[in-house]
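Trainee: pasting a predicted model and its sequence here:
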Amino acid sequence: MTVNRRTVGFNFLEQPELPAPQVSEEQAEHILHERYGLRARAKSLGSQQDRNFTVISPDESVAGVLKIANPAFNTTELQAQDLAADLIATAEPGLRVAVPLPNVAGEKCTTITGLVDRPAYVRLLKYLPGGTLLQSGYLSPTAVASLGDVAGRVSRALAGFTHPGLDRILQWDLRHGTDVVTALISHVSDPAHRSALQSTAHQAWSRIAPLADDLPRQAVHLDLTDANVVVSRDSGAAHADGVIDFGDLTDTWAVAELAIAASCVLGHAGSDPASVLPAIRAFNAIRPLCASEAEALWPLLVLRTAVLIVSGAQQAALDPDNDYVTEQSDGEWRMFEQAISVPMDVMTEVIKADLGLGRAPEAVEVTTPLIDAAAVTLDLSTTSDVYDDGGWLTTDFEDLQARAAVADGADLVVTVYAQPRLNRAPKLSQDSPAVVPTGIGMWPASEIELMAPWDGEVVDASVDGITFRGSGYELTLTGVSAVTSGSVRAGETLAHASAQQWVQVAVRPAGAPAAPPFTTAELAPGWLALTRDPRPLLGLGSTETRSSGDLLSRRDASFAQVQEHYYRTPPQVERGWRNYLLSTRGRCYLDMVNNVTVLGHAHPRVAATAARQLRKLNTNSRFNYEAVVEFSERLAATLPDPLDTVFLVNSGSEASDLAIRLATAATGRRDVVAVREAYHGWTYGTDAVSTSIADNPNALATRPEWVHTVESPNSFRGKYRGAEAVRYADDAVAQIEELISDGRAPAGFICESVYGNAGGMALPDGYLQRVYAAVRAGGGLAISDEVQVGYGRLGEWFWGFQQQNAVPDIVSIAKSTGNGYPLGAVITSREVADRFASQGYFFSSTGGSPLSCAIGIAVLDVLEEEALQQNASRVGAHLKAGLQALQQRHPIIGTVHGIGLYLGVEMVRDPLTLEPATEETAAICDRMLELGVIIQPTGDHLNILKTKPPLCIDVEGADFYVASLDRVLTEGW
Ligand code: PMP
């Protein structure tokens, strides 16, 4: 598009060079004083074509930004910009806007002569604190969405704004994008870069031009990038909510506002084309895009990145000392490379699908089937049984499955189009893996002929494959030998396929780009819109990929919402194996949080034991069977004397509740002492002794009068720190003695033997010995809640109380006991157990069932056989050293708590005040999920990464966790 016409304002095509006006800080200070009555310092700020200064008051607060417009712009244009800023500020009170402030004469624009060779137009703009989005490394989906939201609001507010000053031709106006690239390309020195930029601009334009007349126009800010969007950081991650710099305001395509805003996302660390989607979604929610806009959006974004590079190259040539211009070029290349990393048509389809504007592709019609054979379909989705017992990690997995199906009598084995294949997912990967097939595989039992499905033309044939065009489609067969060329009629032989080898079948509408055989879940909607399911070619119906609908809405509708879920948009996890969790999108996550599955997920011994026992017997402990005896003996054998008598229940809450009841029954008292900031369960009794505000914000205010709490013995951030921490025992002992002397001697003292809520922090030396002694001196009992920390996780010790060299009277356990199967236990002395008779019988219908006992025994066996306690010690030490090394480089890591595989990485905003980095920790966990790691916050301030993976984790997994955390802390969250 060439525009040779007069404009009210600036015309870039007539005057392509715009060096920023040369004005010194002293001159700016003079203007501030004379024209604005301000005695302030002016500090030069970066800008490509204007000259900007931060205005600093004598008290060091920022009073505004002084902007000296490039003399190429006239007052009509500047007036339009000032009016637009005021209009947006009024229309969108939720947005912060850099509106112009009046000078001493009450004018928003100050004209100054003699400063540069023409009259200079100066404005003092309102300063918006918080910094811009440019200062963030990685942009989270929330930050990207906030950018789209700001762009949507600006677009909505400017929709009806007209002004003669909008009539201008700027190099940023994408209507002129290809002209700008052509005009400025000579400034790019590398010939390969020049050709890439030019061909990209032309490809983009060939898609935009046919839509141009359907793209609505309006006033557009045209520069809502990370540099001009101001953020608030009150919630840890940056959230865009302010707009500055209206210098590029123009009447042009409304959708350009979004294309330009979204493009800047690609300059940020860790982003890829799909990272822009939250911005598009947010913009669309405020200012819905029409079909043509959705179609034009990605080509416009690509064009924008090309314009930025040529403009930057030109500006660098004009103004070689402008650091702002030269610093930006790396980010701009990243944007361009990311923008062209996926074919434009594919990203357009991804965007349309995301906005609900995609259309279901029509099924391919066939004249003659490609093959005359009965096919067996191989299900390779995450939920398929083929992966049981770790099958997904087998190499040549697809060949093995196909051979097995043929051995079972199949003539032809086919895979499923569009179905994410778990076996293609690497165990540890920070990138979303290419697991979604854009075609199908066929594995014939014996050599076969493949027939032309329609009349058509062979367009490419080689020793390894053939591409055949007909009926509006292109069929590509790979792994076959072509036997024909030229025109072929439906039913004639196209190629031969060997027995027991894969043939890949891909179908795409003629003219669509050739798809890679596998793509990522993020790009799949794009590639699948541009390919077709080949199954109809085999005479088979298209496979419906099973969808669980909107699982979260269904969950919210049926499952009480106080049972919260991890993550705002969690992956759908339907399989686990060892220390991995596997999603239906074919992603493997490193599981750093599931302490319950000590042996690892889906342990075959546990599964086989459960299946066998369920087939034989499952009843209750009122019957006489061996498993309940054997399991009780085995449990008691892990504990020191006199802990030899076992109760079996179903959960940690039940176990700790029963422990409290045992203490009250045995002592005939009702008062209980508990440690603050602890969690012991959800039952009436355990909830009463739980005061962790992370689990219940009102916990401390709602204690029943029989519960007495002592200070949480936190040696990192509590009342006593470091060496002083021994004093927690003094205080607790004094409190217990006071209760005794008040005639309220406690029935018991309940405490986790390692401070779990604080991320596995060891209790101060001697703490349990001293507190247990005080309780016992008053006739009470010591309860150790080992639900989280016991069972080998600490590596050096099987039980947490061993670390303290103390022996409790009652131990409650669960979680690990059943490796995820509901199984809890209380172990105490014969004497304490017998005294429960004062309460009547104890019976739990499924506690101690043959099934739970068989599982409990299997778990103990595997723990021992696989030496998992030793593994916890070895890998745990390695992991802790890796995390401590990170602490040296990342000040946000306040400390690394814990031992063995119960570790806690505590995040602080300030190493001196230890202000908890709560929001940061939440954002870090979200980013870790994107990088393939499942980790969650714990602690009363939710600022500790609770690092307690299954005990089978290896050094490779531990290193992946450390490397991913390092990346997040380096790139940002
Ligand atoms: N005690 C402790 C220390 C726990 O961490 C928990 C669970 N988080 C419980 C008891 C309760 O266990 P459950 O969820 O199995 O009832």
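Mentor: Ah, there it is. Residues are numbered from 1 along each chain as shown.
Trainee: who in the stretch 801-950 of the chain is up against the ligand?
Mentor: Neighbours of the ligand within the stretch 801-950 of the chain, by CB under 6 Å from any ligand atom: 814-815. Yep, even glycine has a C-beta here, placed from its N, CA and C like the rest.
Trainee: show me the strands in the stretch 801-950 of the chain, by range?
Mentor: Per DSSP state E, counting those that start in this stretch, the stretch 801-950 of the chain carries strands over the ranges 810-813, 824-828, 893-899, 902-907, 933-934, 936-938, 944-947.
Trainee: let's have the ones you listed in TSV, adding mean pLDDT.
Mentor: Shown next, in TSV, are the strands of the stretch 801-950 of the chain (pLDDT from 0 to 100):
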stretch	mean pLDDT
strand 810-813	98
strand 824-828	98
strand 893-899	97
strand 902-907	98
strand 933-934	98
strand 936-938	97
strand 944-947	98
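Trainee: how about the ones you listed, which one is nearest Gln338?
Mentor: Among those, the nearest to Gln338 by CB to CB is strand 933-934 (23.3 Å).
Trainee: returning to what we had before: would you turn the strands of the stretch 801-950 of the chain into TSV with distance to Gly177?
Mentor: Output for the strands of the stretch 801-950 of the chain, formatted as TSV (distance: least, CB to CB, whole Å):
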stretch	distance to Gly177
strand 810-813	67
strand 824-828	66
strand 893-899	45
strand 902-907	44
strand 933-934	40
strand 936-938	45
strand 944-947	45
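Trainee: of all those strands, which lies closest to Ala204?
Mentor: strand 933-934 (36.8 Å).
Trainee: thinking again about what came up before, pipe the strands of the stretch 801-950 of the chain into TSV and attach mean neighbour count per row.
Mentor: Formatted as TSV, the strands of the stretch 801-950 of the chain follow (neighbours: other CB atoms under 10 Å):
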stretch	mean neighbour count
strand 810-813	29
strand 824-828	28
strand 893-899	24
strand 902-907	26
strand 933-934	24
strand 936-938	22
strand 944-947	28
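Trainee: Asn74 is nearest to which of the ones you listed?
Mentor: Of all the strands of the stretch 801-950 of the chain, strand 902-907 sits nearest to Asn74, with 52.2 Å by CB to CB.
Trainee: tell me the strands beside that closest one, with direction?
Mentor: Paired with strand 902-907 in the same sheet, following DSSP bridges, are strand 893-899 (antiparallel), strand 944-947 (antiparallel).
Trainee: and the ones you listed: which comes nearest Val689?
Mentor: With CB to CB, the closest approach to Val689 among the strands paired with strand 902-907 belongs to strand 944-947: 20.9 Å.
Trainee: what's the first helix or strand after the closest one?
Mentor: Next in sequence after strand 944-947, counting helices and strands by DSSP states H and E, comes helix 955-971.
Trainee: for that next one, packing partners?
Mentor: Packing contacts for helix 955-971, counted by 3 or more CB pairs under 8 Å, 6 or more residues apart in numbering; DSSP states H and E, involve strand 588-591, helix 868-889, helix 918-930, strand 933-934.
Trainee: out of the ones you listed, which comes closest to Pro102?
Mentor: So among the helices and strands packed on helix 955-971, helix 918-930 is nearest, using CB to CB, at 38.0 Å.
Trainee: give me the contact list for the closest one.
Mentor: Contacts to helix 918-930, defined as CB atoms under 8 Å, 6 or more residues apart in numbering, come from residues 138, 140, 235-237, 270, 567-568, 571, 589, 892, 907, 909, 934-937, 941-945, 964-965, 968-969, 973.
Trainee: mind running it again at 7 Å?
Mentor: 138, 140, 235-237, 567, 892, 907, 935-937, 941-943, 945, 964-965, 968, 973 (CB atoms under 7 Å, 6 or more residues apart in numbering).
Trainee: can you check stretch 414-426 too?
Mentor: With contacts defined as CB under 7 Å, 6+ apart, stretch 414-426 is touched by 375, 377-382, 387, 392, 397-398, 433, 435-437, 439-442, 518, 521, 524, 528, 533-535, 538, 543, 545, 582, 584-588.
Trainee: narrow these to those in strands?
Mentor: When the contacts of stretch 414-426 are checked against strands (DSSP state E), the matches are 375, 377, 435-437, 440-442, 518, 582, 588.
Trainee: how about those in a markdown table, adding distance to the ligand?
Mentor: What follows is these, written out as a markdown table (distance: CB to the nearest ligand atom, whole Å):
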| residue | distance to the ligand |
| --- | --- |
| Ala375 | 47 |
| Thr377 | 41 |
| Val435 | 34 |
| Val436 | 37 |
| Pro437 | 40 |
| Ile440 | 45 |
| Gly441 | 44 |
| Met442 | 49 |
| Phe518 | 40 |
| Leu582 | 24 |
| Cys588 | 26 |
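Trainee: drop anything exposed from those residues.
Mentor: The neighbour-count test (16 or more other CB atoms under 10 Å) marks 375, 377, 435-437, 440-442, 518, 582, 588 as buried among those.
Trainee: the residue in the stretch 851-973 of the chain that the ligand sits nearest to and Glu522, how far apart?
Mentor: Relative to the ligand, the nearest point of the stretch 851-973 of the chain is Thr938 (9.6 Å; CB to the nearest ligand atom). According to CB to CB, to the nearest Å, Thr938 stands 30 Å off from Glu522.
Trainee: buried ones in stretch 740-753?
Mentor: 740, 745-753.
Trainee: any idea of the mean pLDDT for it?
Mentor: The average pLDDT within stretch 740-753 is 98.
Trainee: helices along the stretch 651-800 of the chain, start to end?
Mentor: 652-667, 684-688, 727-741, 767-777, 800-803 (DSSP state H, counting those that start in this stretch).
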